[in-house]
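Enquirer: kindly return the folded structure for what I paste below:
(chains A, B and C)
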Amino acid sequence: MTFLVPLPVALPLLGAALTLVLVRRPVLQRTISVAALGATLVVAVLLLWYAYRSGPQVVRIGGWPSPVGIVLVADQLAALMLAVSVAVTLCVLLYSVGEGRADPGQHSPVVIYHPTFLVLTAGVTNAFLAGDLFNLFVGFEILLAASYVLLTLGGTEARTRAGTTYVLVSLLSSLIFLTGVGLVYAATGTVNMAQLASRLDALPDDLRLALQLVLLLAFGIKAAVFPLSAWLPDSYPTAPAPVTAVFAGLLTKVGVYAIIRSETLLFPDGRTDGLLMVAALLTMLVGILGAVAQNDLKRLLSFTLVSHIGYLLFGVALGSVAGLAGAVYYVVHHITIQTTLFLAVGLVERRTGSTHLDRIGGLARLAPLLGIMFFVPALNLAGVPPFSGFLGKLGLLRAGVDAGGLLPGLLVAAGSLTSLLTLYATTRAWNLAFWRAPRLADPDAAPGLPALMVGATTVLVLLGLGLTVGAGPIFDIGVEAAEDLRLRLPYVEAVLPGDGP
Amino acid sequence: MLVLLALQFGAASVAPVLVRCWGRRACYPLALAPAAALGWAVGHTARVTDGGAVVETYPWVPGLGLDLALRVTTLSWLMVVLVGGIGALVLVYCAGYFDADEPGLGRFVAIFVCFVGAMLGVVVADNLLLLYVFWELTSVCSYLLIGQHPEQAASRRAATQALIVTTLGGLAMLVGFILVGEHAGTYRWSEIEARPPSGGAYLVVAVLLIVAGVVTKSALFPASFWLPAAMAAPTPVSAYLHAAAMVKAGIYLVALLAPVYADVGPWRPLLFVAGAGTMLLGGWAALRQVDLKLLLAYGTISQLGMLTVLVAAGDPDAALAGTTLLLAHALFKATLFLVVGIVDQRAGTRDLTVLSGLWRRMPLVGAVALLAAASMAGVPPLLGFVAKEAVFEAFVGDPPLLAALVAGSALTAGYTARFVWGAFADRPGAEPTPTRPVEPVLLLPAAALAVAGLALGPFAGGVGEALRTYPGVFGATDHHLALWHGPGLALGLSATALAGGLLLFVLFRPVRPALARLRAPFDGDTAYQYVARVLDRLAVEVTGATQRGSLPQYLGIILLVLVVGPGGVLLFGDVRPHVAAHWENPLQAVVGVVLVVAAVLAVRARRRLTAVILVGLTGYGTGLLFLLHGAPEVALTQFLVETVTIVIFVLVLRRLPTHFSRRRLRRIRWGRIGLGLAVGTVMAGLVLVARASRQAAPVSENFPQLARDFGYGRNVVNVILVDIRAWDTLGEISVLVVAGTGVASLIFQFRRRPSRARRPDLPAPGPERVWLRAGSTLHIRRRSIVLEVVVRLIFHTIVIFSIFLLWSGHNGPGGGFTGGLVAGLALALRYLAGGRHELDQAAPVDASVVLGTGLLFAIGTGLLALPLGGQVLQSARVDVHLPLVGDVHLVTSVFFDIGVYLVVVGLALDILRSLGAEVDHQIEVEEAPGGGLRTSGEQTPGVRG
Amino acid sequence: MTPDVVLVVVVGVLFATGAILLMERSLSRALLGVILFGNGVNLLLLLAGHPGGVPIVGITPAEEMADPLPEAMILTAIVITLGLTAFLLALAYRSWQLIGHDEVRDDPEDRRIVRRAERDQVSGPDDSTTEGPLAPDGFGGLDPEQVDPEPPPRRFDGPATEPPQPPGGTAGPR
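Expert: Coordinates of the predicted model:
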């Protein structure tokens, strides 16, 4: 089934090419892009199935034997991330289609919206599948370039400023990443990750540490780890709702994925674990305090996004199977929920004309369905049982308690505190936006919401509940993935048969 | 049992619909759900009271030790009875309580039933984590129920307060559970109880955390403040919340854990102090209240304190007394709240300084209230009395605590009297409060509960029998419940308590000032507000400090981390770059020097153009270094790219101010420069170290013959690009595609889409075409005929050359990129010489179409290999015989390269169209009329001339 | 083996100058910084491989060839940089079009909170007190390099740009 592996990248690119050629045919564009992503989703689910049943799926691009050519690897972790993110992306696409159809007056960038969105997806999937450090860099570049364009759609003043911040920070991180790749090649003479696993082990410890730090820095910026996170709340909220949603859901997670991959496969000697734990601690607390200080929904959510990256880092830093498993499950949960919330807020904005808590109120009565679509994911985000957020948090806390020691203890405490403060921030937002006496920033906002937008959001909410109900198998996948990551051997064996680290 | 739970939540989910159909009458069918729980419990009475347990287990998340393990023993059986029975009765009561047109009734009922389900879950859960799940669910439900009238700020605040406080404790409790579970290796309480793991420091911590959870949930001092505030909820909610749910969860948990943890260090002291303190403070506060509902609320707090002391004691007699009091309290407290609800509804006020003479107007209600109140005060022959007796019996051995308990009972009796008197008696010189009639549906539930309290008194023995197995776990006891133990200490104490209470009530006037003055040492509510405030301030300070919003600062921090991290390792780590000063050839040194100078000057430059040119210089220098290092391919591309870059810069710079804005602060500049130098040093050091410690041979060592034998090309770099690592190239061109479209979307802001500007007044391209488009369009001052002609002449030559580069790339220098860039430059020349219409004529296509086609070519070639049985992007060699040309060896990867070529051309076209033509157009629009155009510029929709 | 010392120095200088320019407020300057930085990275990649003759079979014997793999990577990197440069320039132009210069301003919402921190205020509407719309003073905060709003924004394209927006509040994809 290896021929499936490159499709999650190839199909969206194909779609992008077609939508570009058909730049004059909006309807056809929509159809193509939805079809492309739908097909990608099917492929991704199949891949997850095969990876779960019969180990990592490897394809050698162009038939070149690895380590000569580029390999794409779909092990359980990659496949899981793939499936979830593509599903989420599809929902967001439908949402934006609904939005676009709702107001036909605004065409101009919609013409480029679809191709760009598809390329973004291709970049994300490529980053997940990359089995080659330089190709990982290229994957990042693809998704970043697309994200630059999407973030500046419409080129308003706010977006231009936000875009500038975002683009320059990301460019710097890319350059640092590329430097890291160059240094790694200089030291080892290869960029194939499986081969690197063994060659890096042969390097002097401190050199390896230096390389690790360079790469961690690059990934840390993308994953928005404190103190490298300040760019995120400034840039994400200004974008159009679906764009913000897909950014919040996916982009940072790609960074986290890269961290997980490099920490386990390339640099398994947990020399940076302490550092990561401190970073996780600060990210959680600073992030959530930022959320408490905000009074705009989008910005509030952006800060919670940063803060919850801390959870993921926590799991990675523990390095134990339990920690990694928890982190993996939490990633899956967080991709879904954060996206859902941003879409819901997009609906709020559409209904009231603003996301600013001073200007809106009483939505629970004006739009009860919208209330549910915000309330349930919000509780979920705050880790209120029985939702997936709680399960993920539980996994991480258990791992932390198992690890014992001072830092993990602190992290357990901070983790609990963070989820309490998340609840504090979200309930305050809920009280203001939904519970107090109705007020609309834009009185003549459309009372009705486009069915497709609502539908897409609902599907995501249900997906989140699905993560709760089906937590058993998903968490098992997480555990198995974590075990494979700790062992390293399955991955290396799959890419380079007969050459363990 | 799972069915029971499912039933509750199912009922909750359909509740809104039912309410929409049947209005408030929908409460009756919904009441069946809790009633079913009661029925189930009654059905299993025999099995449970014989010490058996009803167990069900279903998997959920085995990886987390979280499964749906349900277990009902005596204790939980009792709770199920209360939760189900009182739940059902309160629902019935709701049908009468709410007006037919109560807003949000559907939501309310749904959440209420949900609440019942959650509470049911708490008491039947065997898995501690599962217990926590339901525990939190009750918090959420109470949040929504208390916030039933969310427009009032007070009710919002009360709801949030309850949620946050209980969740705080809940999280502590969760961590406690995890500590316990991880050490025990299981989260099933039944298993932990059977084989308690050895204690240790962790256990103390765990117990502390769990107790924190209990204190917040059961509104024990100092966390008791949220409960009175929660009176904002509709009365039925209060009744349920106080009698059976929420606050009872904490008591239940203590009772559940006591058998194992009663002897752990902090357990007894903590819970005794908290409990006794709460009992006295609560009772004292209750005496003070004038609002009947608040009076009851503080009464509950006091009772909860007493219950905590009893169930925490961990000795059989106390346990028996505790469970009995639990039952009694549930019965009378629910009754009293329901009564208050009736009074409130029918008399229009709950203020006992206003109410008067209700016992005449609603005698039945008065009777019911009296019954329940008597039980609360501990008057024989009611169940409350039996419980009190048992309590005093149990603590005979502990004088101080006994004293406290008696005092608590006295207070209880006191505020009970105050309640009854205030609610129903005649106030001298006051008109009887007008009331509306009370229909039976309101009274019946209350009456049922009160009567139960009366009936169970005489049958206390039976109650004791039913509950005996729970106290049994603490050890054997000869004491058993009975209405009449004969004269003894207990009886005396009961009498004392009652007498004291009555005394308190009679002497109310003289006591009042003391009441007013003597208050709890501090008020939890203000504490909460204070903490919240501090938190908000802290948030603002931290955010203000970390989130400055300044981009240069963000970048600076990143670079700083770069210097500190890897730089630190270089400095202190065990890595030494052994520098051997040697260079291949002197020319490199020369280029190097020039490059360095240019770079430094570029930093200092204040005119934009100067800076651009200097940077361009460094670019060309880099290209030269590539060349000298044996990378002509790269060098060529670098030169071309640099040229294109400069062109683009010039196109944009013509609009931007000539000088950079003046920088203000010197200090910051120096810091900046220092940081920059550090970055440079670290990078140089890193590359030295990395390169020096290379042991293994590069993977690329045998690329040459691989390229020749399998890539069918002699230019190794090109083969890498279009074949060995074609996947990278694919990604790269998609970046280009996106960048191109992005440029267009930014510049073409107020056109429908980047469309070619067709001039209406241009002669249609027919037999006699205009050779130099600019002739008719470009202003005379901007024209240079010679340049135009030259460009026009060499244009096709350049394009053909670019195609040659593309073709020959596989074996010689060149390839898709170089070819595409050359073609792009050709277009740029056409534009620069002849203006945008010349450009349109040179390339009469949409840029996006070119980009799309290019991407399509590349990805298509890649995918075509699949059906032909190869891998993606696998290349093959095709030998075709063309007439005239002869045999041609065609490598499929050439098509891929064509894609690359097209994409690059498309990018160039897009850039020229946007940053060139469109910007021209905008300039013209600004300058028009009388601007650079002979004919006034065309008015595209959306552009103000 | 160690790389040519000249190249190493050049790499260092390019990184240093690039970094310095990158931290400027003027977008076009920062962009120049990116380009310098990028050239530095490319040279660094070149140093990662061993030097030698032109990697074309037939011209140089295989064992004397320069390492071709880094060259391919550089090519990829160069071209990507080209695309992004174009995009950033478009961004700079757009910024000039909207606000009259290409300086990167601070984020107004952040500045608001910073100011509140200085005045020891609580941010965000706590439930009881609800503040009116924000004062539109996003600029002139702490940072001494903050550009003053002069020259006044020159918007000649009415229908294109939406009216100045409340921070956070933006329109859907247009």
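Enquirer: what segments of chain C are helices?
Expert: Per DSSP state H, chain C carries helices over the ranges C:5-22, C:27-48, C:68-99, C:108-118.
Enquirer: anything in the first one near chain B?
Expert: Read that as helix C:5-22. Yes: against chain B, helix C:5-22 shows contacts by CB under 8 Å from any CB of the partner chain at C:5-22. All C-beta atoms are positioned from the backbone trio N, CA, C, and that covers glycine.
Enquirer: which other helices and strands does that helix contact?
Expert: Counting contacts by 3 or more CB pairs under 8 Å, 6 or more residues apart in numbering or on different chains; DSSP states H and E, helix C:5-22 is packed against helix B:551-562, helix B:586-604, helix B:608-628, helix B:666-692, helix C:27-48.
Enquirer: picking that back up, can you say which of the residues of helix C:5-22 next to chain B are buried?
Expert: Neighbour-count burial (16 or more other CB atoms under 10 Å in any protein chain shown) applied to the residues of helix C:5-22 next to chain B gives C:5-22.
Enquirer: how far off centre is the lowest-mean-pLDDT helix or strand in chain A?
Expert: The weakest-scoring helix or strand in chain A, judged by mean pLDDT, DSSP states H and E, is helix A:363-366 (a mean of 86). Distance of helix A:363-366 from the chain centroid (CA atoms, centre = their mean, to the nearest Å) equals 31 Å.
Enquirer: which other residues reach stretch B:561-577?
Expert: A:176, A:204-207, A:209-210, A:213-214, A:216-217, A:227-228, B:675, B:678-679, B:681-682, B:685-686, B:688-689, B:692-693, C:2 (CB atoms under 8 Å, 6 or more residues apart in numbering or on different chains).
Enquirer: oh sorry, the question was meant for stretch A:269-287
Expert: A:205, A:208-209, A:212-213, A:216, A:220, A:224-227, A:229, A:263, A:303-311, A:313-314, A:316-319, A:407-408, A:410-411, A:414-415, A:417-418, B:542-543, B:546.
Enquirer: switch to 6 Å and redo it
Expert: The contact list for stretch A:269-287 (CB atoms under 6 Å, 6 or more residues apart in numbering or on different chains) reads A:209, A:225-226, A:303, A:306-307, A:309-310, A:313-314, A:317, A:319, A:407, A:411, A:414, A:418, B:546.
Enquirer: average pLDDT across it?
Expert: Average pLDDT, stretch A:269-287: 93.
Enquirer: so who does residue C:75 touch?
Expert: Shown in contact with residue C:75 (CB under 6 Å, 6+ apart): B:634, B:637.
Enquirer: any idea of the pLDDT on it?
Expert: Residue C:75 carries a pLDDT score of 92 in this model.
Enquirer: residues contacting residue 92?
Expert: I'll assume chain A. Contacts of residue A:92 (CB under 6 Å, 6+ apart): A:242, A:245-246.
Enquirer: chain C, not that one
Expert: C:27-28, C:102.
Enquirer: whichever residue of the stretch 251-400 of chain B sits closest to chain A sits in which helix or strand?
Expert: In the stretch 251-400 of chain B, the residue found nearest to chain A is residue B:253; the distance is 15.7 Å by CB to the nearest CB. Per DSSP states H and E, residue B:253 falls inside helix B:247-261.
Enquirer: so how far is that helix off the chain centroid?
Expert: Worked out by CA atoms, centre = their mean, helix B:247-261 lies 31 Å from the chain centre.
Enquirer: so which bits of it are buried?
Expert: Quick answer for helix B:247-261 (16+ other CB under 10 Å): B:247-261.
Enquirer: ok, the worst-scoring helix or strand of chain C on mean pLDDT near chain B or not?
Expert: Lowest on mean pLDDT, DSSP H and E among the helices and strands of chain C sits helix C:108-118, with a mean of 85. Yes: using CB under 6 Å from any CB of the partner chain, helix C:108-118 reaches chain B at C:110-111, C:113-114, C:116-117.
Enquirer: who does that helix touch, helix- and strand-wise?
Expert: On a contact count with 3 or more CB pairs under 6 Å, 6 or more residues apart in numbering or on different chains; DSSP states H and E, helix C:108-118 meets helix B:524-546.
Enquirer: how about the CA coordinates for the helix it packs on, as PDB?
Expert: What follows is helix B:524-546, C-alpha atoms only, in PDB (Å, rounded to 0.1, in the frame of the first residue of the first chain):
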ATOM      1  CA  GLY B 524     -14.500  33.900  52.000                       C
ATOM      2  CA  ASP B 525     -16.400  35.900  49.400                       C
ATOM      3  CA  THR B 526     -14.200  39.000  49.800                       C
ATOM      4  CA  ALA B 527     -11.200  36.700  49.800                       C
ATOM      5  CA  TYR B 528     -12.300  35.300  46.500                       C
ATOM      6  CA  GLN B 529     -12.800  38.700  45.000                       C
ATOM      7  CA  TYR B 530      -9.400  39.700  46.200                       C
ATOM      8  CA  VAL B 531      -7.700  36.700  44.700                       C
ATOM      9  CA  ALA B 532      -9.500  37.200  41.400                       C
ATOM     10  CA  ARG B 533      -8.500  40.800  41.400                       C
ATOM     11  CA  VAL B 534      -4.900  40.000  42.100                       C
ATOM     12  CA  LEU B 535      -5.000  37.400  39.400                       C
ATOM     13  CA  ASP B 536      -6.200  39.900  36.800                       C
ATOM     14  CA  ARG B 537      -3.600  42.400  37.800                       C
ATOM     15  CA  LEU B 538      -0.900  39.700  37.600                       C
ATOM     16  CA  ALA B 539      -2.100  38.700  34.200                       C
ATOM     17  CA  VAL B 540      -1.900  42.200  33.000                       C
ATOM     18  CA  GLU B 541       1.600  42.800  34.400                       C
ATOM     19  CA  VAL B 542       3.000  39.500  33.000                       C
ATOM     20  CA  THR B 543       1.400  40.000  29.700                       C
ATOM     21  CA  GLY B 544       2.500  43.600  29.500                       C
ATOM     22  CA  ALA B 545       6.000  42.500  30.300                       C
ATOM     23  CA  THR B 546       6.200  39.500  27.900                       C
END
